[in-house]
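Asks: fold the following and give me the result.
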Amino acid sequence: MEAVHAGAHGHDHGHHPTGLMRWITTTNHKDIGTMYLWFSFTMFMVGGAMAMVIRAELFEPGLQIVSPEFFNQMITLHALIMVFGAIMPAFVGFANWMIPLQIGASDMAFARMNNWSFWILPVAGSMLILSLFVPGGAAGTGWTMYPPLSIQMGMGMDFAIFGLHLLGMSSIMGSINIITTILNLRAPGMSLMRMPLFCWTWLITAYLLLAVMPVLAGAITMLLTDRHFGTSFFNAAGGGDPVMFQHIFWFFGHPEVYIIALPAFGVISQVIPAFSRKHIFGYASMVYAIAAIALISFFVWAHHMFTTGIPLTGQLYFMYATMLIAVPTGVKVFNWTATMWKGALSFETPMLFAIGFLFLFTLGGFSGLVCAITAIDIQLQDTYYVVAHFHYVMVAGALFSAYAGAYYWLPKWTGHMYNETLGKLHFWLTLIFFNMTFFVQHFLGLAGMPRRVPDYALQFAEFNKISSIGSFGLGISQLLFLYIVIKTIKGGPKAGDKPWDGAEGLEWTVPSPAPHHTFEDPPVIK
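Replies: Modelled structure (predicted):
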């Protein structure tokens, strides 16, 4: 057992690496969680800079700043970097930090694999960014990489494919680690139905990742062989079918949306009860809703494909199945609202972000229901309405909840309180500029403006100008968050054992009799 422990904590005969080597070789879940979070924020800034290029070009009609080819490369890399480099690693960072603490484990189950699954990420992120500098530039296919365009692209496409393979490997290793940790390392007395909801969302998310990451790997591998080895999976000239790529891609892509959303739900389910000073309303129904969302997400993929000529019966099925997924999601929104009802509410920064999430994510869900109606979606397909919809789900869903989690747990992580005034300022700036950027895009889409175009008709000028100004405000506001975090790490008022004034104790509580173990001491390993 001692040998196992020495391995798990990276102490070999009392030797502790320091400085840079400590971070490169660490097997400590807190160190690795911290690295995930810093990497994610760095990628968030890179992806954000790309969004700034897009919005600068769209500030007025005509071609101003970049070539149409470079514009398409920005659109593609912005999406890939934000989804795989910023959002997913952020929640894996939360998982690494909090899951062992919440279940009373000493570390993650596979501490060395944990280190490896992180260090693959900077390499993969670099591959995506470096693709800009190879002959022909990065892939300009959009993040969906549809053939035949992706078969004809230059070397940048191969960089993207290889980068995605690496990101997928990292996700699969991380998932195995999370599943094993939650199923095997819970403290005595903590049954599954007593776990904090954040652990539940990650347990289910990890299964989703294991199921769909190999599907994405298969799709891009077939793309690679079509490009270089003379196969014709997606090449119509050789008897292949480009629409088959869309089926495979979206069979990965739709559960992927929930891979991003579920951990976000988990964070919100920790923050709202804490600042309402109440237990979560309907714990069991929350768990079942999470599982139902994950399950249904596998059966709705072709709602992205209403205009590809799928049969009418298929269109009807995917329309109804897509509407069905709104039911468990509605259960969750109801339960969060019911948790706040008659609670002793206080509105610190994490709670503000959580409530902002609740409003905006619900709005994104409603525009999703609009897109689910086949007849309407055929009109809205590939317009800015779709862009507005998924940014309300992704930015309001993932980013707002990530900020809620970061502000909520910062005192626990650093031992210091952040500056509450600056935190609230960050929230209000983000909220206002986010809506300024994306709300008007609904109108652009309804008026028929296509997405992924660097130039547009004069009638779309005003809304694009508003959207671009909003996006620059949104981008600059995020530097405030960086300042707040660095200031908190360097010092500030000491955080007590319960920094949230009686709320923090709720993090450990669940709606059942107290287990025999209080989680105050490290668990005894027999």
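Asks: my guess is Ala51 meets Gln478, correct?
Replies: No - the criterion here is C-beta atoms under 8 Å, and Ala51 misses it with Gln478 at 11.0 Å. (C-beta placed from N, C-alpha, C; glycine too.)
Asks: for the two, indicate the residue with more neighbours.
Replies: Ala51 (21 against 18; other C-beta atoms under 10 Å).
Asks: from Gly85, how far out is the closest residue to that one other than its chain neighbours?
Replies: Leaving aside its sequence neighbours, Ala51 sits nearest to His78 (C-beta to C-beta, 6 or more residues apart in numbering; 5.3 Å). According to C-beta to C-beta, to the nearest Å, His78 stands 10 Å off from Gly85.
Asks: can you check Phe70 too?
Replies: Distance from Phe70 to Gly85, by C-beta to C-beta: 20 Å.
Asks: go on, Pro68?
Replies: Taking C-beta to C-beta, one finds Pro68 at 25 Å from Gly85.
Asks: those two: who's more crowded?
Replies: Using other C-beta under 10 Å as the criterion, Pro68 and Gly85 rank with Gly85 on top: 26 against 14.
Asks: what sits against the residue nearest to that one when sequence neighbours are not counted?
Replies: In space, and not counting its chain neighbours, Gly85 is closest to Met43: 3.4 Å by C-beta to C-beta, 6+ apart. Neighbouring residues of Met43 by C-beta atoms under 8 Å, 6 or more residues apart in numbering: 81-82, 85-86, 89, 125.
Asks: ok, 6 Å please
Replies: By C-beta atoms under 6 Å, 6 or more residues apart in numbering, the contact list for Met43 reads 81, 85-86, 125.
Asks: repeat for Pro242
Replies: So Pro242 contacts 147-148, 234 (C-beta under 6 Å, 6+ apart).
Asks: would you list the buried entries among those residues?
Replies: Neighbour-count burial within the contacts of Pro242 applies to 147, 234; the criterion is 16 or more other C-beta atoms under 10 Å.
Asks: could the contacts of Met43 be laid out in TSV, adding secondary structure and pLDDT?
Replies: Putting the contacts of Met43 into TSV (DSSP: H, G, I helix; E, B strand; the rest coil; pLDDT from 0 to 100) gives the following:
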residue	secondary structure	pLDDT
Ile81	helix	97
Gly85	helix	96
Ala86	helix	96
Gly125	helix	96
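Asks: can you name the two of the residues you listed that sit furthest apart?
Replies: The span of these, defined through C-beta to C-beta, is set by Ala86 and Gly125 at 9.5 Å.
Asks: tell me the pLDDT at Gly491?
Replies: pLDDT recorded at Gly491 is 86.
Asks: tell me how far the nearest residue to it once chain neighbours are set aside lies from Gly496.
Replies: Spatial nearest neighbour of Gly491, chain neighbours left out: His416 (6.0 Å); criterion: C-beta to C-beta, 6+ apart. Separation of His416 from Gly496 (C-beta to C-beta): 11 Å.
Asks: more crowded one of these two?
Replies: Using other C-beta under 10 Å, the more surrounded residue of His416 and Gly496 is His416, with 18 against 12.
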